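S.K.: Any chance you could fold what I've pasted below:
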Amino acid sequence: MSFTSINYEEPNPETYKSVEIHDFNDNKTVFNSGDFVKDWFDLIKFVIMELENEPFHGCSSTVNHFIMDGAPFDSMYLDFKEDDEPFLTSEYKENLYELFVKKGTTPTWKELKEICK
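M.R.: I've put the predicted structure just below:
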């Protein structure tokens, strides 16, 4: 099992420092570029590439608190169609990876990958 947390001083999302993931062996990986969108993108990439065989991935309450405390980000979900390029949707569906974008924006998958380079 692994879990993700956001390191910031509650209740002020402007104090954002990093996104962290702790795996089932209590190893910690930190994403701390200073850009929450990029750090979360890198976290999801890490989960897909490195923790694909891990039985469960969850989030600590800091993830919900960060967004509820007014962080200026919206959720987008990584979706797939057979034989097509992945795409982002704002529609929640089970088993999709949640990504975040700057509030009020709707980048394509290719645009988000470019933003997060």
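
S.K.: Please name every helix or strand in contact with the worst-scoring helix or strand of the chain on mean pLDDT.
M.R.: None of the helices or strands of the chain scores lower by mean pLDDT, DSSP states H and E than strand 57-59, at a mean of 85. The helices and strands touching strand 57-59, judged by 3 or more C-beta pairs under 8 Å, 6 or more residues apart in numbering; DSSP states H and E, are strand 2-7. The way it works is simple: take the backbone N, C-alpha and C, and place the C-beta from them, glycine included.

S.K.: Now find how far off-centre the strand it packs on is within its chain.
M.R.: Remark: strand 2-7 is offset 10 Å from the chain centroid, using C-alpha atoms, centre = their mean, to the nearest Å.

S.K.: Could you do stretch 35-54 as well?
M.R.: 7 Å.

S.K.: Neighbours of residue 38, how many?
M.R.: Counted with other C-beta atoms under 10 Å, residues neighbouring residue 38 total 17.

S.K.: got the buried residues for the helix or strand containing it?
M.R.: Using DSSP states H and E, residue 38 sits in helix 36-50. Under the neighbour-count criterion of 16 or more other C-beta atoms under 10 Å, helix 36-50 has 36, 37, 38, 39, 40, 41, 42, 43, 44, 46, 47 buried.
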